[in-house]
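>>> Got a predicted model here, sequence first, then my questions.
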Amino acid sequence: LVQAAIGKAVALAPDQWIPGGVPDPLIRHQHGVIGQPVSRIDGPLKVSGKAPFAAEFPVEAMVYGALVHSRIARGRISRLDTAAAEAAPGVVAVMTHRNAPRLRPPPVFLSAPKAAGGDTLPVMQDDRIAWNGEPVALVLAESQEQADHAAMLVEVDYAAEPALTDFAEAKARGARPAEFMGGPLHDARGDAEQALAAAEVRVDQRYTTPRHNHNAIELHGVTCYWEGDTLRLHDASQLVAHTAWSLAHMFGIDERQVIVTSPFVGGGFGGKCLWQHQILAAAGARLSGRPVRLVLSREAVYRIVGGRAPTEQRVALGADRSGRLTALIHEGVTPKSRANAMPEPFILPTRSAYAAETVKLAVETVELDVLSNTFMRAPGESVGTFALESAMDELAHALAMDPVALRLRNEPERDPLSNLPFSARHLDQAWRAGAERFGWSARDPRPGARREGEWLIGLGCATATYPYYRMPGGAARITLTAAGEAVVAIAAHEMGMGTATAHSQVTAERLGLPMAAIRFDYGDSTLPGVVLAGGSQQTAAIGASIIAAHRALVKALLALAGNDSPLAGLSVDEVASREAGLCALDDPGRHESYASILARARRESISVEAEPPMPLETQHWSMHSHGAMFCEVAVNAVTGEPRVRRFLGSFDCGRILNPKTAASQFRGGIIMGIGLALMEETQLDPRTGRIANPSLSDYHIPAHLDVPEIDVIWTDIPDPHTPMGARGIGEIGITGTGAAIANAIFNATGKRVRDLPITLDRLL
Ligand code: MOS
């Protein structure tokens, strides 16, 4: 959708630009580095405790912060007494709306190219309260314990106003059509309701998914200080350049006066963006004149970092007796806060899923007085595929048809709504390979037919899908030294997924250098580039920037090489990087090493910076990753306890750059999907709008014993229209997983649970 907006501004023919228009030549000129299962280059640093996280940077004379959270959902602060807190041992300052530096409201994500905010609410600027949990005071003290203690001494009274925090009540008052990223969240082809009514076989069901909260292992945290009018901030971030720009905007200073670093992040998943803690820490540092460290408690993460909104979805499918879809309806309601722009877009996966004759997609939204929700791994797809793929299983059962066969029967030739060709869609291969490896043919379609002692055993499957995105990532810089080393610099992020490793591989391969000769610099807003680690698109964005910088480097080297070089007379399109130098594409013998080129030119190093063309590939192709998910569950017939016994993800995500890190990404997504299916649920007290289970003891996620051996395979077919032939893999693992588990539970028990999470009480 972002790209659609960009595409409106520029219209180019598909063959006029690279990457995307023509296949990246490197897809066919591999040097053997891409595709290798290289271990994480940051692994030794992490396991030896040497990787510095945001809350670990040592700073002189630092103070520690603790937040006080509002206890009402809507209204005003009527009395605020900070005297006892200020008098407590070690307290340096208590910041409230009365003494906080004046700030502009945060720029909400996508409202400007580098906007990073979760919502537009003013941050501690007035006595208004917009959600239960909003920070009303920041206590700064010499130790964390002193700050935590003093935070309990801040006295706050409220004048509460009527608040709407109950999703059911809000729905009853009426919903309105949702917008997402500036576009409508509805689409149609033909008259789907009429086709449904006329269908030979139909299912028409409601599915619900609950509120979810972010629970990255690393708590949100920040260490920051001012040097004059320059703010230095060590953050746990998915978007350092965006955060720097947004903080500068709020504090009314130049973008270059905010320096954000984030070398390591202990998990992001969409939650490590700009929330109030970074803003409050920077404001507190300005107020107190001291460096500030603010690490959110796990409870505070629930109170001030948005998660996934609940959904209520209807999926209705009409088909003829052969299983051909004649109607596909996916619609429903989701709440959001008044101050953000993020309705959970659960229809996204349905747009290009099946070749249905008629389609109707619509999301409606209601507004609540709650913490703003946000992106959470595969926003839209993760819960949307639960409903869609559960319904497909219900249809297969109604047709007495194999669920894999039903999906293959409805594979589209072109994108059903946009009518664009697919850039590369080999989902059928993923289904066949997965079914074979999983032993799908052994499944008994009769629910409840397989029993081992007190355990009922079932198999289920579902389609996984996530779009290919590529946002404009800005420039990358490559510096090549006479000693034969290359440093790539771009303001990108390593949240644990292997970015630094994969892009060291990409650079090694492009430049024809060994891995050991590459350094990848990232996680610093002063580096070139405007990369977002989100939307499963960081790899494509960085790759495109590296490709552009490499091309600029080759040009610059050819100019340096001059007429005495064996490369004389060759243009940038006629050379390749091989064996630590350049050679003619069609004659590898015409070769000169980088060292030789630089030595003849009397240069110690050469540095180039270049930006790729606008990402327009999705204007010309429908681009999506896919997967076929297979699951075996055991459900205890006595207690109702569901256990996932086996899982296989068979993916079609383009070229896999590093099979080791990719397998971990897929597995991590599937594990999060197990939590989505069976455990995760934020309990929001509808009377107060307060989250009642803000801790990992009450909000359940899968532990090791809940996770079986997870098998992952992939087609590894390059997508000719993406940089490096790769599509994103960060989010797809959580998609389809919920439905595969629910469908396996139906096969095991005959019980169709349409409300997540599928806890044991729903199976008794
Ligand atoms: Mo992802 S929800 O775009 O970090």
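Good, I have the coordinates.
>>> C-alpha only now, for contacts and for neighbours.
OK.
>>> Now the phi/psi pair for the residue lying farthest from the centre of the chain, please.
Distance from the centre of the chain peaks at residue 564, with 49.8 Å (Cα atoms, centre = their mean). Residue 564 has phi and psi values of phi -90, psi 0 when expressed as degrees, to the nearest 10.
>>> mind checking pLDDT for it?
With respect to pLDDT, residue 564 scores 93.
>>> got it, and the one 3 residues further on?
The confidence metric pLDDT takes the value 97 at residue 567.
>>> Run through the residues of the stretch 351-500 of the chain sitting next to the ligand.
375, 376, 377, 378, 379 (Cα under 6 Å from any ligand atom).
>>> What is the burial count for the nearest residue to residue 218 once chain neighbours are set aside?
Of all residues not flanking residue 218 in the chain, residue 266 sits nearest, at 4.6 Å (Cα to Cα, 6 or more residues apart in numbering). Counted with other Cα atoms under 10 Å, residues neighbouring residue 266 total 18.
>>> Distance check, residue 266 against residue 215.
Distance, residue 266 to residue 215, using Cα to Cα, to the nearest Å: 10 Å.
>>> In the stretch 601-750 of the chain, what residue lies closest to the ligand?
Residue of the stretch 601-750 of the chain nearest the ligand, by Cα to the nearest ligand atom: residue 731 (6.7 Å).
>>> okay, now that residue: neighbour count?
29.
>>> ok, now residue 511?
For residue 511, the neighbour count with other Cα under 10 Å is 25.
>>> Show the pLDDT at it.
Turning to residue 511, the model gives it a pLDDT of 93.
>>> give the contact list for the closest residue to it other than its chain neighbours.
Take residue 511 and drop its neighbours on the chain: the residue closest to it by Cα to Cα, 6+ apart is residue 577, 5.1 Å away. By Cα atoms under 8 Å, 6 or more residues apart in numbering, residue 577 lies in contact with 510, 511, 512, 583.
>>> now those in TSV, with distance to the ligand?
Formatted as TSV, those follow (distance: Cα to the nearest ligand atom, whole Å):
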residue	distance to the ligand
510	27
511	30
512	32
583	39
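>>> Up against the ligand, what does the protein have?
269, 270, 375, 376, 377, 378, 379, 534, 535.
>>> The second one looks like it's in a helix, true?
No: membership of residue 270 in a helix is not supported by DSSP: H, G, I helix; E, B strand; the rest coil, which gives coil.
>>> ok so, going back, output the residues of the stretch 351-500 of the chain next to the ligand in JSON lines; the columns should cover secondary structure and neighbour count.
Putting those into JSON lines (DSSP: H, G, I helix; E, B strand; the rest coil; neighbours: other Cα atoms under 10 Å) gives the following:
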{"residue": "375", "secondary structure": "coil", "neighbour count": "23"}
{"residue": "376", "secondary structure": "coil", "neighbour count": "24"}
{"residue": "377", "secondary structure": "coil", "neighbour count": "27"}
{"residue": "378", "secondary structure": "coil", "neighbour count": "30"}
{"residue": "379", "secondary structure": "coil", "neighbour count": "25"}
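>>> any idea of the mean pLDDT in whichever helix or strand residue 671 is part of?
For residue 671, the element it lies in under DSSP states H and E is helix 659-678. The average pLDDT within helix 659-678 is 98.
>>> Break this structure into its domains for me.
As assigned by automatic domain parsing, the chain contains the domains 54-162+217-267+272-304, 183-195+308-469+619-763, 471-613.
>>> can you put those in TSV and add distance to residue 207?
Below are those laid out as TSV (distance: least, Cα to Cα, whole Å):
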stretch	distance to residue 207
domain 54-162+217-267+272-304	25
domain 183-195+308-469+619-763	5
domain 471-613	25
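>>> Residue 201: which of those is closest?
domain 183-195+308-469+619-763 (5.3 Å; Cα to Cα).
>>> Residue 331: which of the contacts of residue 577 is nearest?
Using Cα to Cα, the contacts of residue 577 come closest to residue 331 at residue 510, 45.4 Å.
>>> neighbours around the closest one, how many?
Applying other Cα under 10 Å, we find 22 residues neighbouring residue 510.
>>> Also the one 4 residues further on?
Taking other Cα under 10 Å as the neighbour definition, residue 514 ends up with a count of 18.
>>> Specify the local secondary structure of the residue of the stretch 101-250 of the chain found nearest the ligand.
Among the residues of the stretch 101-250 of the chain, residue 238 lies nearest to the ligand; the distance is 7.3 Å by Cα to the nearest ligand atom. Following three-state DSSP, the label given to residue 238 is coil.
>>> residue contacts, it?
So residue 238 contacts 268, 270, 272, 273, 493, 495, 532, 533, 534 (Cα under 8 Å, 6+ apart).
>>> cutoff 10 Å now
Remark: with contacts taken as Cα atoms under 10 Å, 6 or more residues apart in numbering, residue 238 is in contact with 116, 262, 265, 267-274, 492-495, 523, 531-534, 538.
>>> Which ones among the residues you listed map onto strands?
Judged by DSSP state E, the contacts of residue 238 include no members of strands.
>>> Pull out the buried residues from those.
Using 16 or more other Cα atoms under 10 Å as the burial test, the contacts of residue 238 include 116, 262, 265, 267-274, 492-495, 523, 531-534, 538 as buried.
>>> which stretch of helix or strand covers residue 396?
Per DSSP H and E: residue 396 is located in helix 381-399.
>>> just residue 231 next, same as before
Residue 231 belongs to strand 230-235, assigned by DSSP H and E.
>>> Give the partner strands of that strand in its sheet and their orientations.
Take DSSP bridges as the rule and strand 230-235 pairs in its sheet with strand 221-227 (antiparallel), strand 258-261 (parallel).
>>> Could I get the CA-only coordinates of that strand as CSV?
Provided in CSV are the C-alpha atoms of strand 230-235 (Å, rounded to 0.1, in the frame of the first residue of the first chain):
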residue,chain,number,x,y,z
THR,A,230,22.2,17.3,20.7
LEU,A,231,20.3,14.3,22.0
ARG,A,232,22.0,10.9,22.1
LEU,A,233,19.8,8.0,22.5
HIS,A,234,20.6,4.3,22.8
ASP,A,235,17.3,2.6,21.9
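>>> That strand - what's its average pLDDT?
For strand 230-235, mean pLDDT rounds to 98.
>>> So which other helices or strands are in contact with the lengthiest helix in the chain?
When the chain is parsed with DSSP state H, its longest helix is helix 538-561. Under the contact criterion of 3 or more Cα pairs under 10 Å, 6 or more residues apart in numbering; DSSP states H and E, helix 538-561 touches strand 476-481, strand 486-489, helix 499-511, strand 575-578, strand 581-584, helix 594-600, strand 605-610.
>>> could I get the residues of the stretch 351-500 of the chain next to the ligand as JSON lines with pLDDT?
Listed next are those as JSON lines, based on pLDDT from 0 to 100:
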{"residue": "375", "pLDDT": "95"}
{"residue": "376", "pLDDT": "97"}
{"residue": "377", "pLDDT": "98"}
{"residue": "378", "pLDDT": "98"}
{"residue": "379", "pLDDT": "96"}
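>>> Out of these, which comes closest to residue 44?
Distance to residue 44 across these (Cα to Cα) is lowest for residue 377, with 26.9 Å.
>>> Quick check, that closest one in contact with residue 215.
No: Residue 377 is not in contact with residue 215 according to Cα atoms under 10 Å; the separation is 11.4 Å.
>>> Residues that sit against both of these two, list them.
Joint contacts of residue 377 and residue 215 (Cα under 10 Å, 6+ apart) are 268, 269, 271, 307.
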